[in-house]
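**Q** requesting a structural model of the entry that follows:
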Amino acid sequence: MPQSPALFVRNLEFRYPGSETDVLEGVSLTVQAGERVALVGPNGAGKSTLLHLILGMEEGHRGQIEVYGNPAHRCFHRVAIVPQRSTVDWRFPVTVRQVVMMGRYVHLGWFRRPRQEDRDRVDEALSKMDITDLANRQVGELSGGQQQRVMLARTLAHDADLLLLDEPLNHVDIATQELIFHTLERLTADGKTVMVSTHDLGVLTVHFTRAVFLDRRIIADGDVKEVMTPETIAEAYGFEFHKEYTP
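**A** The predicted model follows:
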């Protein structure tokens, strides 16, 4: 929809079946195209759940989720996710190239042969993540950093406009972290939108234009330097902040 934000969430609430408490409570936020947003909070804060709801991977939520002005479940071709490495079965016998080609299925369909355009997009994604030499390797043979590069390459091949990354910095080397950040910066410069869940407070001021602190509800949302205060961090992570006493 013309002039619509990349992401619009209003009064979002969600509870997993069988649970007595909501994972998300009254979450509302608007993300414009080209923003690079950090989603920050402790384990169990609802970060992964929020990303999955935006992607349409969970049902039964209350409230509104729109992607570029359309209901989230109608925009699979415009949204892509890099999942947590721990949720991926790396033992599955596929090559790096085959995994990256999976990013093209949303455009191609499951039973059609890849076209030259699809192969070109895969080659481009492999090159951007500097893993062309690994294209024919089994993904289970790779290091953690290499595997994370593969998953981001798959997302690049998807050519989505809204990219969701769930804890992409966990257990990866510094070179991979920097490559991920530089890639995200180039994408947002081209008008794509990025939301990254992370625990690493140290990267916020350098690599993100905005931070959303979440602990089931939004604690703070805004420019990184404005919202990353001791009080906000204490509230988001559940400990008491004591100001220095001056007699």
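**Q** these two touch, right, Val9 and Val27?
**A** Yes. If you go by CB atoms under 8 Å, Val9 and Val27 touch, sitting 5.9 Å apart. Quick note: C-beta positions are derived from backbone N, CA and C, even for glycine.
**Q** lowest-scoring secondary structure element of this protein by mean pLDDT?
**A** helix 105-108 (a mean of 79; mean pLDDT, DSSP states H and E).
**Q** quick revisit: who has more neighbours, Val9 and Val27?
**A** Higher neighbour count among Val9 and Val27: Val27, with 26 against 23, using other CB atoms under 10 Å.
**Q** for the residue nearest to that one when sequence neighbours are not counted, what are its contacts?
**A** Once flanking residues are discounted, Val27 sits nearest to Leu12: 4.2 Å by CB to CB, 6 or more residues apart in numbering. Contacts were defined as CB atoms under 8 Å, 6 or more residues apart in numbering; by that measure Leu12 touches 24, 26-28, 50, 53, 61-65.
**Q** sorry, back to before: give me the common contacts of Val9 and Val27.
**A** 50, 63.
**Q** so what does whichever helix or strand Thr49 is part of touch, helix or strand wise?
**A** Secondary structure assignment for Thr49, by DSSP states H and E: helix 47-55. Here helix 47-55 touches strand 7-14, strand 24-31, strand 36-40, strand 62-67, strand 79-82, strand 162-166, strand 193-198, going by 3 or more CB pairs under 8 Å, 6 or more residues apart in numbering; DSSP states H and E.
**Q** show me the one of the ones you listed that comes nearest Gln146.
**A** strand 79-82 (13.9 Å; CB to CB).
**Q** what's the mean pLDDT across the following helix or strand past the closest one?
**A** Remark: after strand 79-82, the chain's next helix or strand is helix 96-101, criterion DSSP H and E. Per-region confidence: helix 96-101 scores 94 on mean pLDDT.
**Q** hmm, who's touching helix 96-101?
**A** 114, 118, 122, 125-126, 131, 134-139, 142, 150-151, 153-154, 157.
**Q** where does pLDDT dip in the chain?
**A** 1-2, 109-111, 240-247 (pLDDT under 70).
**Q** touching the least confident helix or strand of the chain from outside, list them.
**A** So helix 105-108 is contacted by 76-77, 114-115, 118, 158-159 (CB under 8 Å, 6+ apart).
**Q** for it, buried residues please.
**A** For helix 105-108, the neighbour count (16 or more other CB atoms under 10 Å) marks 105-106, 108 as buried.
**Q** kindly report the same for stretch 129-141.
**A** 129, 131, 134-135, 138-139.
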